[in-house]
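Undergrad: Okay, predicted coordinates and the sequence, questions at the end:
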Amino acid sequence: MTERKFKPRRHFYGENKKPGKRSFRNNRKFAGDNINVSKFINKARKTEDVEKFVPKNNFNFLPISGKLKANIKRKGYSSLTPIQDQAIPEALKGRDIIGIANTGTGKTAAFLIPLIDKILRNRQEKVLIIAPTRELAFQIQDEMNEFSMFLNIYSAICVGGVNIRSQISRLKRKPDFVIGTPGRLKDLVLRNNLRLSEYKNLVLDEADRMLDMGFLPDIQFLLSSLPKKRQSLFFSATINSKIESLIADFAVNPFKISVKMRDTSANVDQDIVRISRNENKVDKLHDLLIEKDFNKVLIFGKTKRGVENLSIDLNKRGFKSVSIHGDKNQSKRQKALREFKNNSAHILVATDVAARGLDIPNVSHVINFDMPSTYDDYVHRIGRTGRADQKGNALTFVNAN
């Protein structure tokens, strides 16, 4: 990592303004303030104290294409995770599946591997994958491209924030996989550019997040447009009454898998940072970021404007920071993600759009600069660190009493 030059700390927030005018003032109240701060404190367990999972199955002996096995090996997968070990064999049998698992447990491979194999066996099969965010949709496509390398399998991604004409053009090529967000998929169906009657395989990824975001009507519309005879795979971190109702309407005798052992990863060290009324939050953040172990840091803020302002402030202070939020177009969001992933930037400041599903390697710290609205949001935020059995760290800024 290149050496960083740090400027003296300055109070960019509220500078030449009366206290309390900016969105980052310390006494700001919202739903997250009702979460007991003790839930943000949890010491990581030592690796040797965590029971080692031994899968029943082996990638080499799964009844799938040899070329697909070669791609799995090329991708570096050696053993199945718990969700993969249970889901893949049942999905290969054509069963509907409900998978409940923590973030970062390998859910994407759990549905991509059996569905890619299904298409290799029957080129008439087509797959629709619905995801809550653009970033997750692109990530699923990236992983699918790695698993389907040299297999002549084609995909189209259909998300908002991108020119719809280019997506219509891709759909005309009759892709094997369509991966998209609910609103854009519905738009394409209503325009008669996407004929869901041709798609006999469905994946609903991060189902709880989509319902939290108000996508239930769009999802019900999309699912009702699919053939009644199909294979449906539902994946979610939690199952609530809305999801249960959705599954009851659209799944047939589903095989239920739950490998969710605990809310947060055992190898994420969680703590709080108390901010008193006379302290500046950005100065406190600055002091943390210059510590030697803060190598790759994901910072969550509450609002789009606040996230952008914080990223600008950090760059003024000598850090290399990028941002992701809903006001950025898709190309800029993808560019920010690339820079963070390849270590061109060592700080990513984001709203909760980056809290779900994104697989960003080697994130050393997650910092909740603004409190999450719910504990469930907190769980997904800190799930971006401590992945693949690595140790992670999560810090949450809280107001001192």
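TA: It's in.
Undergrad: got the buried residues for the helix or strand harbouring Ala336?
TA: Per DSSP states H and E, Ala336 falls inside helix 330-341. Within helix 330-341, the residues scored as buried using 16 or more other CB atoms under 10 Å are Arg333, Gln334, Ala336, Leu337, Glu339, Phe340, Lys341. Just so you know, the C-beta spots here come from the backbone N, C-alpha and C atoms, and that holds for glycine as well.
Undergrad: swap in stretch 243-258?
TA: So, applying 16+ other CB under 10 Å, buried residues of stretch 243-258: Ile243, Leu246, Ile247, Phe250, Ala251, Pro254, Phe255, Ile257.
Undergrad: Those in helices, which ones?
TA: Counting by DSSP state H, the buried residues of stretch 243-258 place Ile243, Leu246, Ile247, Phe250 in helices.
Undergrad: What backbone torsions are found at Ser321?
TA: With angles defined as degrees, to the nearest 10, Ser321 sits at phi -130, psi 140.
Undergrad: Equivalent analysis for the one 5 residues further on, please.
TA: The phi/psi pair for Gly326 (degrees, to the nearest 10) reads phi -70, psi -20.
Undergrad: for Asp269, same thing?
TA: phi -80, psi 120.
Undergrad: Could you chop this protein up by domain?
TA: 31-48+266-399, 59-258 (automatic domain parsing).
Undergrad: gap between the helix holding Ala336 and the chain center?
TA: Offset of helix 330-341 from its chain centre (CA atoms, centre = their mean, to the nearest Å): 14 Å.
Undergrad: Any chance of JSON lines for the buried residues of helix 330-341, columns distance to Asn280?
TA: Formatted as JSON lines, the buried residues of helix 330-341 follow (distance: CB to CB, whole Å):
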{"residue": "Arg333", "distance to Asn280": "29"}
{"residue": "Gln334", "distance to Asn280": "33"}
{"residue": "Ala336", "distance to Asn280": "25"}
{"residue": "Leu337", "distance to Asn280": "29"}
{"residue": "Glu339", "distance to Asn280": "27"}
{"residue": "Phe340", "distance to Asn280": "25"}
{"residue": "Lys341", "distance to Asn280": "30"}
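Undergrad: from those, which two are the most distant?
TA: Farthest-apart pair in those is Arg333 and Lys341; separation 12.6 Å (CB to CB).
Undergrad: got the contact list for Asn145?
TA: By CB atoms under 8 Å, 6 or more residues apart in numbering, the residues touching Asn145 are Ser155.
Undergrad: And it, how close does it get to Arg381?
TA: 27 Å (CB to CB, to the nearest Å).
Undergrad: do the same with Val127
TA: 29 Å.
Undergrad: so where's the stretch 101-250 of the chain shaky on pLDDT?
TA: 103-104 (pLDDT under 70).
Undergrad: can you give me the helices for it?
TA: Using DSSP state H, counting those that start in this stretch, the helices found in the stretch 101-250 of the chain span residues 107-121, 134-147, 164-171, 182-190, 207-212, 216-224, 241-250.
Undergrad: So which of these is nearest Gly306?
TA: helix 134-147 (19.2 Å).
Undergrad: picking up where we left off before, so which of the helices of the stretch 101-250 of the chain gets nearest Leu92?
TA: Nearest of those (CB to CB): helix 107-121, 4.7 Å.
Undergrad: so that closest one versus helix 134-147, what angle?
TA: Helix 107-121 runs at 50 degrees relative to helix 134-147, counting by axes from the mean of the first three to the mean of the last three CA atoms, to 10 degrees.
Undergrad: packing partners for helix 107-121?
TA: helix 66-74, helix 82-92, strand 97-100, strand 127-130, helix 134-147, strand 201-204, strand 231-236 (3 or more CB pairs under 8 Å, 6 or more residues apart in numbering; DSSP states H and E).
Undergrad: List the buried residues for it?
TA: Going by neighbour count (16+ other CB under 10 Å), the buried part of helix 107-121 is 107-120.
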